[in-house]
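Visitor: The following block contains a protein sequence and its predicted model.
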Amino acid sequence: MAVTDSAVVPVGREPEETREGSPGASEGARAAHEGILRRQSARESAARTYARALPIVPVRARGLTIEGADGRRYLDCLSGAGTLALGHNHPVVLEAIRKVLDSGAPLHVLDLATPVKDAFTTELFRTLPPEFAARARVQFCGPAGTDAVEAAFKLVRAATGRTGMLAFTGAYHGMTAGALEASGGATDVRVARLPYPQDYRCPFGIGGERGAELAARWTESVLDDTKSGVPLPAGMILEPVQGEGGVIPAPDAWMRRMREITAARSIPLIADEVQTGVGRTGTFWAVEHSGITPDVMVLSKAIGGSLPLAVVVYRDDLDVWQPGAHAGTFRGNQLAMAAGTATLAYVRENRLAERAATLGTRMIAELRRLAGEFSCIGDVRGRGLMIGVELVHPETPSDTAADRPRPAAPELAAAVQRACLRRGLIVELGGRHASVVRLLPPLTITDEQAAAVLDRLADAVGAVARGGSG
């Protein structure tokens, strides 16, 4: 299905079909595309990730659509790993950036006060849960979410005088040392790992409310058992929806239990809203689904309006830092603050969180119908426009109990991702075994575009399920 909505077509350009067999670019453009990819492979680190699964060379983008150097066009449901709440090059973001550039304002100011920063903090506090905003302080960190996670750990350790941290299986909090320790793939850690509840692959094998209750009881036991080997920690960090862990929404009742457990023991609760924030899950901040007020919120990605920005916002009585206790040269990115202010205001004023809730519910329902057609889809889950489709082996192995989910199928997920790309759809993989196809479309996606995304994904799944690579 071709996308025809003018909101995603660069000015002066006509939409074109993105499926296999569509009119290609000139030989020169294809050669330039291939040359750039070859040079990237020869020059860049082996640690590169997205470039391996998505061998495209973006040259233009608007809204949901990316155009590559080879002339092909794609619907982007990666959105900068959730960074692009308004999609690529949204007019209000571009206008905000231009205003700063045209004003002659300094672009680098360390942590000095500026009108641009004041506007950003004002808009940010306007969007925060009221009880939290009433007593909040904000620290501008380095430009990435992992920098804000590190700042949050330093903050709660300074405030409590304790060192240990509580985190959850499947978590992802960033790539710096402390953030990695709290993430699910850590090996050498000072972090106690707790079970994160989920229905499909429940750690206790039962799922539902009972599974979430057992997870909460396990947390209480670890904290209250004097022989658990886990001393009273400096804080607990959790994601309201685990993203890289496979798009697993935390049950609201369990979130409230974590708030009760930590509050009763004077353990600061850190909500990592780097990927879930700014309307992504159907409320402006994902903690609002459960109604809890955390002690600390870690924010990045969408708050910069596509540019690098990260902050930690926290309860004022935790503000025990001395001047310079957490610094950084690039804390004052004026362009990112301007773009972020425009993004936050646009999402709030246009009720895009509510739109994400409505459209996300509809897309998840359509994908669950698709799961009924293809046995290789084990589970469809998500919240708002943060959606995951878990691929599993179509046949149940003989050694798998009848009441257990089938084994994850990362090779099928990778095949679906490749098949999607051939059909002009960019998706990401995540989950424990990289077996979950993830959708993170911009909040500005239209009904027509959503239908096109689902159409292409269904076509890709069907091709892979029939035994081809897509």
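Guide: Thanks, I have the structure now. Residues are numbered from 1 along each chain as shown.
Visitor: after the longest helix anywhere in the chain comes which helix or strand?
Guide: Ordering each helix of the chain by length in residues (DSSP state H) puts helix 352-373 first. Counting by DSSP states H and E, the next helix or strand C-terminal to helix 352-373 is strand 377-383.
Visitor: Off-centre distance for that following strand?
Guide: Centre-to-centre, strand 377-383 and its host chain are 16 Å apart (Cα atoms, centre = their mean, to the nearest Å).
Visitor: which other residues reach that strand?
Guide: For strand 377-383, contacts defined as Cβ atoms under 8 Å, 6 or more residues apart in numbering pick out 199-200, 241, 247-249, 281-282, 286, 289, 360, 364, 367-368, 370-371, 387-392, 405-406, 408, 439, 461. Using the backbone N, CA and C atoms, a C-beta is placed for each residue, glycine as well.
Visitor: chain center to the longest helix of the chain, what's the gap?
Guide: That offset, for helix 352-373, works out to 17 Å (Cα atoms, centre = their mean).
Visitor: Tell me which other helices or strands the helix or strand hosting V149 touches.
Guide: Using DSSP H and E, the element containing V149 is helix 145-160. Contacts defined by 3 or more Cβ pairs under 8 Å, 6 or more residues apart in numbering; DSSP states H and E place helix 145-160 against helix 177-181, strand 235-238, strand 269-272, strand 296-299, strand 311-315.
Visitor: at 6 Å instead, please
Guide: Packed against helix 145-160 by the contact rule (3 or more Cβ pairs under 6 Å, 6 or more residues apart in numbering; DSSP states H and E) you find helix 177-181, strand 296-299, strand 311-315.
Visitor: Show me what the shortest one is packed against.
Guide: Where contact means 3+ Cβ pairs under 6 Å, 6+ apart, strand 296-299 is packed against helix 145-160, strand 269-272, strand 311-315.
Visitor: cutoff 10 Å now
Guide: Helices and strands touching strand 296-299, by 3 or more Cβ pairs under 10 Å, 6 or more residues apart in numbering; DSSP states H and E, are strand 136-140, helix 145-160, strand 235-238, strand 269-272, strand 311-315.
Visitor: any idea which of those is most buried?
Guide: Ranked by mean neighbour count, the helices and strands packed on strand 296-299 are led by strand 269-272 with a mean of 29 (mean count of other Cβ atoms under 10 Å).
Visitor: who does that strand pair up with?
Guide: Using DSSP bridges, the strands paired with strand 269-272 are strand 235-238 (parallel), strand 296-299 (parallel).
Visitor: Among the ones you listed, which comes closest to R62?
Guide: Of all the strands paired with strand 269-272, strand 296-299 sits nearest to R62, with 25.8 Å by Cβ to Cβ.
Visitor: Okay, buried residues for the longest helix of the chain please.
Guide: Residues of helix 352-373 classed as buried by neighbour count (16 or more other Cβ atoms under 10 Å): 352-353, 355-357, 359-360, 363-364, 366-367, 370-371.
Visitor: That one vs strand 377-383, what angle?
Guide: 170 degrees (axes from the mean of the first three to the mean of the last three Cα atoms, to 10 degrees).
Visitor: Serialize the helices and strands packed on strand 296-299 to CSV and add fields for distance to S435 and mean pLDDT.
Guide: Shown next, in CSV, are the helices and strands packed on strand 296-299 (distance: least, Cβ to Cβ, whole Å; pLDDT from 0 to 100):
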stretch, distance to S435, mean pLDDT
strand 136-140, 37, 96
helix 145-160, 24, 93
strand 235-238, 23, 97
strand 269-272, 23, 98
strand 311-315, 32, 97
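Visitor: What are the boundaries of the helices in this structure?
Guide: 27-43, 50-53, 79-82, 91-103, 115-127, 130-133, 145-160, 177-181, 208-224, 252-264, 334-349, 352-373, 410-422, 447-465.
Visitor: shaky segments in the chain?
Guide: 1-25, 185-189, 398-402, 468-470 (pLDDT under 70).
Visitor: Residue nearest the middle of it, spatially speaking?
Guide: Centroid-nearest residue in the chain: Q275, 3.0 Å away (criterion: Cα atoms, centre = their mean).
Visitor: separation between that residue and E150?
Guide: 17 Å (Cβ to Cβ, to the nearest Å).
Visitor: Next: S41.
Guide: Counting by Cβ to Cβ, the gap from S41 to E150 is 31 Å.
Visitor: can you check R190 too?
Guide: In terms of Cβ to Cβ, R190 sits 14 Å off from E150.
Visitor: so what sits against both of the two?
Guide: G178 (Cβ atoms under 10 Å, 6 or more residues apart in numbering).
Visitor: of all the helices and strands packed on strand 296-299, which lies closest to R60?
Guide: helix 145-160 (27.0 Å).
Visitor: Narrow the contacts of strand 377-383 to just the buried residues.
Guide: Here, 16+ other Cβ under 10 Å leaves 199, 241, 247-249, 281-282, 286, 289, 360, 364, 367, 370-371, 387-392, 405-406, 408, 439, 461 buried among the contacts of strand 377-383.
Visitor: what about the nearest residue in space to F132 that is not next to it in sequence, how many residues close to it?
Guide: Take F132 and drop its neighbours on the chain: the residue closest to it by Cβ to Cβ, 6 or more residues apart in numbering is T293, 5.0 Å away. A count of neighbours around T293, defined by other Cβ atoms under 10 Å, yields 21.
Visitor: Might you report the residue contacts of T293?
Guide: 128-135, 259, 263, 269, 271, 287, 315.
Visitor: at 8 Å what do you get?
Guide: P129, E131, F132, R259, V287.
Visitor: The nearest residue to the last one once chain neighbours are set aside bridge partners, please.
Guide: Beyond its immediate neighbours in the sequence, the residue positioned closest to V287 (Cβ to Cβ, 6+ apart) is A271, lying 5.1 Å away. Applying DSSP bridges to A271 yields these beta-bridge partners: L238, M297.
Visitor: Run a quick check on A271 versus M236, I expect a contact.
Guide: No - look at A271 against M236 with Cβ atoms under 8 Å: they stay out of range, at 9.7 Å.
Visitor: Could you report the distance from the nearest residue to V347 once chain neighbours are set aside to R126?
Guide: Spatial nearest neighbour of V347, chain neighbours left out: G279 (4.7 Å); criterion: Cβ to Cβ, 6+ apart. G279 sits at a distance of 14 Å from R126 (criterion: Cβ to Cβ).
Visitor: quick one: which of the two has more around it?
Guide: G279 (30 against 13).
Visitor: Phi and psi next, for that one.
Guide: The phi/psi pair for G279 (degrees, to the nearest 10) reads phi 90, psi -10.
Visitor: what's the residue nearest to V287 in contact with, if anything?
Guide: Applying Cβ under 8 Å, 6+ apart, the residues near A271 are I237, L238, E239, P240, W285, A286, V287, I292, P294, V296, M297, V298.
Visitor: Could you rerun that using 6 Å?
Guide: A271 makes contact with V287, P294, M297, according to Cβ atoms under 6 Å, 6 or more residues apart in numbering.
Visitor: Ok, A133 next?
Guide: F125.
Visitor: Kindly provide the distance from it to R39.
Guide: For A133 relative to R39 (Cβ to Cβ), the value is 48 Å.
Visitor: Does G170 touch Q242 like I think?
Guide: Yes - the criterion here is Cβ atoms under 6 Å, and G170 meets it with Q242 at 5.1 Å.
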